[in-house]
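**Student:** sharing a model that was predicted from the sequence below.
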Amino acid sequence: MLGINEFEIYQNNNTKTLHSDYVYRFALPFERVHDKVGWTSLFQRYWYHSITISLLYYVFVRLLQRLMRDRQPFQLRVPLIVWNFVLAIFSFAGLVRFSEDFLYNLTKHGLVYSICHSCNPDSVAAFWSLLFAFSKIVEFGDTLFIVLRKRKLIFLHYYHHAAVFVYTIHSGTEHTAPGQAFISMNFLAHSAMYSYYTAKSCGIKVPRIVAMAVTSIQTAQMFLGVAVSTLVLKLKLLDGYRCQQSWANLILAFAIYASFALLFVRFFVDAYLHRNRKQKEK
């Protein structure tokens with residue numbers, strides 16, 4: 001099973017994880033995971049239900065598409081503005097608060113340490129990583145807006161949402177160290193993406209180059225995910241370096257990020273390069 005971990009995590013409250021000892025200079029009263037043992041145990045026991053939820057999500061989307069087939073599309077302009085704006089603010093706040101731990105280790109200890117040691121489980125970053133996991137469920141709502149407004153729903157959209165959700169929950173079972181880089185990149189990409197969607201839903205004419213830049217950021221995120229996973233593979237396999245990531249989670253990361261990279265490149269080519277060529281031919 002994918003849930004088999006290389007390290008014992010919070011077993012009998014005696015952690016053997018490799019994690020950062022960074023202490024935030026400032027923390028709000030609520031920015032703390034009060035029952036880290038309980039949350040970790042919960043993820044370990046039920047992570048596989050992320051697959052169940054993803055399958056139900058796919059079935060629900062298909063049923064909703066069929067239901068909307070002979071109906072007029074909903075406009076949902078105001079709800080869409082609020083939705084995108086809230087997620088943009090959340091993503092930016094998450095980027096600022098979560099990445100402080102990761103950037104500290106990256107600048108002080110170097111790349112290898114920062115991707116092989118997870119965030120401090122008693123820090124602000126742990127709180128935001130938990131919120132990040134919950135946000136992957138919330139983001140399924142993106143699909144509802146697409147279907148209810150009868151916009152084109154491509155395979156990349158629901159595959160991306162489902163795969164990220166499953167991987168995020170599985171990573172939570174073992175406090176995957178490269179997850180610091182993955183979460184930081186995702187917060188950054190989503191800050192740009194949801195800000196762009198907010199402007200679009202407000203009726204602002206956003207230059208095409210901005211859309212291309214947002215897609216480029218997302219695509220770069222996927223290739224960086226492959227690069228980080230490749231480095232961890234080398235460290236574990238060739239160098240014998242201890243990294244806080246199980247082999248199962250590493251394989252899952254490779255599969256997901258490699259497939260994302262290919263799909264996002266294909267989307268970029270179809271959405272921008274082929275379309276530009278067709279417009280020139282006209």
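**Tutor:** Yep, that arrived. Numbering: from 1, shown residues only.
**Student:** what helix or strand is the nearest residue in space to Phe264 that is not next to it in sequence located in?
**Tutor:** Closest residue to Phe264 apart from its sequence neighbours, by CB to CB, 6 or more residues apart in numbering: Thr219 at 4.2 Å. All C-beta spots, glycine's among them, are computed from the backbone N, C-alpha and C. Assigned by DSSP states H and E, Thr219 belongs to helix 208-237.
**Student:** helices or strands up against that helix?
**Tutor:** Under the contact criterion of 3 or more CB pairs under 8 Å, 6 or more residues apart in numbering; DSSP states H and E, helix 208-237 touches helix 111-116, helix 179-201, helix 247-268.
**Student:** may I see the buried residues of the first one?
**Tutor:** In other words, helix 111-116. Using 16 or more other CB atoms under 10 Å as the test for burial, helix 111-116 gives Val112, Tyr113, Ser114, Ile115, Cys116.
**Student:** who touches that helix?
**Tutor:** 18, 102, 105-106, 177-178, 180-181, 228, 231-232, 235, 241-245 (CB atoms under 8 Å, 6 or more residues apart in numbering).
**Student:** which of these are buried?
**Tutor:** Here, 16+ other CB under 10 Å leaves 18, 102, 105-106, 177-178, 180-181, 228, 231-232, 235, 243-245 buried among those.
**Student:** what is the lowest-pLDDT residue among the residues you listed?
**Tutor:** Lowest in pLDDT among these is Leu18, which has 86.
**Student:** hang on, the earlier thing: quick check: the residue nearest to Phe264 touching Leu262?
**Tutor:** No - if you go by CB atoms under 8 Å, Thr219 and Leu262 don't touch, sitting 10.1 Å apart.
**Student:** what's near enough to touch the residue nearest the centre of the chain?
**Tutor:** With distances taken as CA atoms, centre = their mean, Asn186 lies nearest the centre of the chain, 4.8 Å away. If you count contacts by CB under 8 Å, 6+ apart, Asn186 has them with Phe132, Val164, Gln221.
**Student:** same thing with Asp21?
**Tutor:** Neighbours of Asp21 in contact, by CB under 8 Å, 6+ apart: Asn120.
**Student:** state the pLDDT value of it.
**Tutor:** 90.
**Student:** three-state assignment of it?
**Tutor:** State at Asp21, reduced to three classes by DSSP: H, G, I helix; E, B strand; the rest coil: coil.
**Student:** and it, how far from Ala125?
**Tutor:** 12 Å (CB to CB, to the nearest Å).
**Student:** may I have the beta-bridge partners of the closest residue in space to His175 that isn't next to it in sequence?
**Tutor:** Once flanking residues are discounted, His175 sits nearest to Ser118: 4.2 Å by CB to CB, 6+ apart. On the basis of DSSP bridges, Ser118 is bridged to His19.
**Student:** wait, doesn't Ser118 sit right on Ala177?
**Tutor:** Yes - look at Ser118 against Ala177 with CB under 8 Å: they come within range, at 4.4 Å.
**Student:** show residues contacting the helix or strand where Tyr58 lies.
**Tutor:** For Tyr58, the enclosing helix or strand under DSSP H and E is helix 49-68. With contact meaning CB under 8 Å, 6+ apart, helix 49-68 is reached by 137, 140, 143-144, 147-148, 150, 153, 158, 161-163, 165-166, 168-170.
**Student:** out of those residues, which sit inside strands?
**Tutor:** For these, membership in strands holds for none, with DSSP state E as the criterion.
**Student:** so which of the residues you listed belong to helices?
**Tutor:** 137, 143-144, 147-148, 158, 161-163, 165-166, 168-170 (DSSP state H).
**Student:** just the buried ones from those residues?
**Tutor:** Here, 16+ other CB under 10 Å leaves 143-144, 147-148, 158, 161-163, 165-166, 168-170 buried among those.
**Student:** which one of those residues is nearest to Trp83?
**Tutor:** Closest to Trp83 out of these is Leu144 (9.4 Å), distances taken as CB to CB.
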